[in-house]
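J.: Attaching a predicted model along with its sequence, questions to come.
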Amino acid sequence: MILEVAILNVIPGKEKQFELDFKIAGQYISSIEGYVRHSLRKCVEQENRYILLVDWKTIEDHTIGFRQSSQYLKWKELLHHYYDPFPVVEHFETIISNEK
């Protein structure tokens, strides 16, 4: 499994509308083959900063399956105008995991 991580800096004052639009956008990403789950978390110290965590079965499910899909165009239209600066997206694989 691959974890996609993006730090999202939203233009100040647009946080509430971003959150509403993100709820709508969730239907597009979750419809992609290889999608497992996602969560959006809001920073406690900086109210316009969020982190997006998406689990994918493979990196290609994100980089090809999602980014080259019509769903991505809808996602982009809903969300990309909120970011300043535009986020860097990185992918991580689990090396060590521990749960209680």
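T.: Right, received. Where do you want to start?
J.: Check which helices and strands the host helix or strand of Asp21 sits against.
T.: Assigning secondary structure by DSSP states H and E places Asp21 in helix 15-29. Other elements packing on helix 15-29 under the criterion 3 or more CB pairs under 8 Å, 6 or more residues apart in numbering; DSSP states H and E are strand 35-42, helix 70-79. For the C-beta atoms, the positions are set from N, CA and C on the backbone; glycine is no exception.
J.: Run through who's touching the longest one.
T.: Outside of helix 70-79, the residues within contact range by CB atoms under 8 Å, 6 or more residues apart in numbering are 18, 21-22, 24-25, 28-29, 31-32, 66.
J.: buried residues in it?
T.: Of the residues in helix 70-79, 71-72, 75, 78-79 count as buried by neighbour count, 16 or more other CB atoms under 10 Å.
J.: hey, what's the residue nearest the centre of the chain bridged with?
T.: The centre of the chain sits closest to Leu52, judged by CA atoms, centre = their mean, with a distance of 4.1 Å. Residues found in beta-bridge contact with Leu52 (criterion: DSSP bridges) are Ala6, Leu40.
J.: who's in contact with His80?
T.: Contact analysis of His80 by CB under 8 Å, 6+ apart lists Phe86.
J.: From the chain's centre, how far out is stretch 23-33? Work that out for me.
T.: Per CA atoms, centre = their mean, to the nearest Å, the displacement of stretch 23-33 from the mean C-alpha position of its chain is 10 Å.
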